[in-house]
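1. Provided below for reference: sequence and predicted model.
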Amino acid sequence: DSVAYKNVIANGLVLDKDGNKMSKRLGNAVDPFLMLNKYGADSVRWYMVENNPPWENLRFNEEHLLETQRKFFGTLLNTYNFYALYANIDNWQPQSSALPSGASLSELDRWILSELNSLIREVETQYDDYDPTRAARAIQEFVTEKLSNWYVRLSRRRFWKGDMNADKEAAYYTLHFSLCTVAQLMSPIAPFFSEWLYRALQPQAGSVHLSQWPAADASRIDRELEARMHWAQQISSLGHAIRKKARIKARQPLARAMVPVMSAAERRQVEAVAELIRAELNIKQLEVIDAASGQITRKIKPDFKKLGPRLGAHMKLLAPAVAKLTQEHILQLEAEGSYTLLLDGQPFVLQRDEVEISSEDVPGWSVASENGVTVALDVTLTPELRQEGIARDLINRIQNMRKNRGLEVTDRIRIQLQDIPEWRAAADAFSAYICAETLASEITYQPANDAEEIEIDGTQGLLNILQP
């Protein structure tokens, strides 16, 4: 005399990629067992859950399934492989499940742990609300955008360099803890992959499905830190977009970047992550300037598609009114989210999302803006900057050669480089840096016959590496 269940979810239909019902007659049916064998049960299940709430109809597209497998599971596997590679090199194993004290954690460690505990809260809430789609999307964003693309990428040098120290130990603990927690959070949707990942990380712990569900640690959630890091991510994204537009590769150092801010609070946030931004954008100096200083000029244009339904016949009055807005008015609109105009003597509240605000390029600089954030990058290349760029390209070619020849990350080498004037000048100027990054004992300029041809900035030449 009791109910068999408390809640039930009724699935929607699985349609073809065009939204039609699958039918053998129409030839658009997909064999589910073929998909399971080809991509794995967890990839198929994750794709179906993350794509749409289960109770809605799903347009099944094999290309999107492949993208889910690559983007989420591939990224998570690569992140684990990175951890396992260096943990094995250093013979590192966690001595306890407890994280190091806050004093030994870097700001990056504290940030990813704050995001992780925010994720635990979010995922638990969505599972409790029977919304696995939002839970899956939150986990996927954390893995691909925060853990892999930001934390691991910016922490790589901590794992590569030197003997074990407190900072390196903290990085290992933080990454290990994050991966274990992700395995637990994803386990209801991807039971097989999460089981493999959890056991690979801690073989003695048993099954992930018998582990204690992670509890969010409110003391580790730092909204101020998350906001600062969000600034760093936005600024870095715009800086990379400028480089791409100017066709300046990421390895080429640049002199300066400017970031205008609208308040003292914004200035503190940007300056707190300035060193991280400088490293990420490969720039020598970051200048945080007052947005009202006039160093960067903003342009504003109405979004007529959004404003048309609101204004109707009065639309023709808006363009000249917007054109009269001063830099101070535009800044006020950006800061407050709205600005009141007078149209034919009547007040009209213009919203931030109803206009497009951009920035004019400064001579020798390139400027980009998005979501209220503006970045100006000095794109002038001096001879010294070009030399450093060549040195970094050489390091990249040498590291690729090490990998292709199957060298271990700890193997030492000797470098043989063709005597091309600009290459030699760069190698001489940055020899210590090149040798430290590639574990080289020397650089000589008479490559042997088995040297490989490489290309740097359109110049072809020979490069060889030898083991001592």
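-> Ah, there it is.

2. where does the residue at minimal distance from the centre of the chain land on pLDDT?
-> Centroid check for the chain by Cα atoms, centre = their mean gives residue 149 as the closest residue, at 3.5 Å. Here the pLDDT value assigned to residue 149 is 92.

3. quick one: it from residue 87, how far?
-> Distance from residue 149 to residue 87, counting by Cβ to Cβ, to the nearest Å: 21 Å. (Glycine included, C-beta is placed from N, CA and C.)

4. got it, and residue 336?
-> 49 Å.

5. Name the residue in those two with the higher neighbour count.
-> residue 87 (17 against 10; other Cβ atoms under 10 Å).

6. Okay, and the more buried one sits in which element?
-> Here residue 87, judged by DSSP states H and E, is contained in helix 75-89.

7. what helices or strands is that helix leaning on?
-> Applying 3 or more Cβ pairs under 8 Å, 6 or more residues apart in numbering; DSSP states H and E, we find helix 75-89 packed against helix 153-160, helix 166-186, helix 191-201.

8. and the second one, what does it pack onto?
-> So the one you mean is helix 166-186. helix 75-89, helix 107-128, helix 132-141, helix 153-160, helix 191-201.

9. Flag the shaky bits of the stretch 101-250 of the chain, pLDDT-wise.
-> 101-103 (pLDDT under 70).

10. let's see it at 90
-> The stretch 101-250 of the chain contains residues with pLDDT under 90 at 101-107, 157-167, 203-205.

11. Residue 92 in helix, strand or coil?
-> State at residue 92, reduced to three classes by DSSP: H, G, I helix; E, B strand; the rest coil: coil.

12. tell me the contacts of it?
-> 86, 164, 169, 172 (Cβ atoms under 8 Å, 6 or more residues apart in numbering).

13. buried subset of these?
-> 86, 169, 172 (16 or more other Cβ atoms under 10 Å).

14. Tabulate the residues you listed (JSON lines), appending distance to residue 391.
-> As requested, the buried ones among the contacts of residue 92 are arranged in JSON lines below (distance: Cβ to Cβ, whole Å):
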{"residue": "86", "distance to residue 391": "25"}
{"residue": "169", "distance to residue 391": "31"}
{"residue": "172", "distance to residue 391": "30"}
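
15. Between the residues you listed, which sits nearest residue 128?
-> residue 172 (32.4 Å; Cβ to Cβ).

16. That closest one and residue 88 touch, don't they?
-> No: proximity of residue 172 to residue 88 does not meet the contact threshold set by Cβ atoms under 8 Å, at 11.6 Å.

17. ok, back up a step: tabulate the helices and strands packed on helix 166-186 (TSV), appending distance to residue 454.
-> Below are those laid out as TSV (distance: least, Cβ to Cβ, whole Å):
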stretch	distance to residue 454
helix 75-89	25
helix 107-128	33
helix 132-141	37
helix 153-160	23
helix 191-201	37
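
18. Indicate which one of these is closest to residue 319.
-> Of all the helices and strands packed on helix 166-186, helix 132-141 comes closest under Cβ to Cβ, at 38.5 Å.

19. Pull out the buried residues from that closest one.
-> So for helix 132-141, counting by 16+ other Cβ under 10 Å, buried means 132, 133, 134, 135, 136, 137, 138, 139, 140.

20. follow-up on the earlier one: which two among the contacts of residue 92 are spaced furthest apart?
-> 86 and 169 (12.2 Å).

21. Just the element for residue 433, please.
-> Counting by DSSP H and E, residue 433 is found in helix 431-438.

22. and the angle for that helix with helix 153-160?
-> Going by axes from the mean of the first three to the mean of the last three Cα atoms, to 10 degrees, helix 431-438 is angled at 90 degrees with respect to helix 153-160.

23. now helix 431-438, how far from the chain's geometric center?
-> The chain centroid and the centroid of helix 431-438 are separated by 27 Å, computed with Cα atoms, centre = their mean, to the nearest Å.

24. Can you list the buried residues in it?
-> Residues of helix 431-438 classed as buried by neighbour count (16+ other Cβ under 10 Å): 434, 435, 437, 438.

25. Please apply the same query to stretch 152-168.
-> 152, 154, 155, 158, 159, 167, 168.

26. Now do the contacts for the last one.
-> In this case it means residue 168. So residue 168 contacts 90, 158, 159, 162 (Cβ under 8 Å, 6+ apart).

27. quick one: the third one from residue 432, how far?
-> Right, residue 159. 22 Å.

28. Please apply the same query to the first one.
-> Using Cβ to Cβ, one obtains 24 Å as the distance from residue 90 to residue 432.

29. and what of the second one?
-> For residue 158, the distance to residue 432 under the criterion Cβ to Cβ works out to 21 Å.

30. three-state assignment of the closest residue to residue 76 other than its chain neighbours?
-> Excluding the flanking residues, the one nearest residue 76 by Cβ to Cβ, 6 or more residues apart in numbering is residue 143, at 5.3 Å. Of the three states, residue 143 takes helix under three-state DSSP.

31. Correct me if wrong: residue 143 contacts residue 183.
-> No: the pair residue 143 and residue 183 does not pass the contact test of Cβ under 8 Å, sitting 10.7 Å apart.

32. Just the strands from this structure, written as ranges.
-> For the chain, the strands defined by DSSP state E cover 14-15, 58-59, 254-261, 283-290, 298-302, 338-343, 346-351, 355-359, 365-370, 373-378, 413-417, 440-444, 452-456, 459-466.

33. Could you say which of the ones you listed is packed most deeply?
-> strand 373-378 (a mean of 24; mean count of other Cβ atoms under 10 Å).

34. now it against strand 283-290, angle please.
-> Using the same axes, to 10 degrees: strand 373-378 against strand 283-290 is 130 degrees.

35. picking up where we left off before, mind putting the contacts of residue 92 in TSV, distance to residue 42 included?
-> TSV is the format used below for the contacts of residue 92 (distance: Cβ to Cβ, whole Å):
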residue	distance to residue 42
86	26
164	35
169	32
172	27
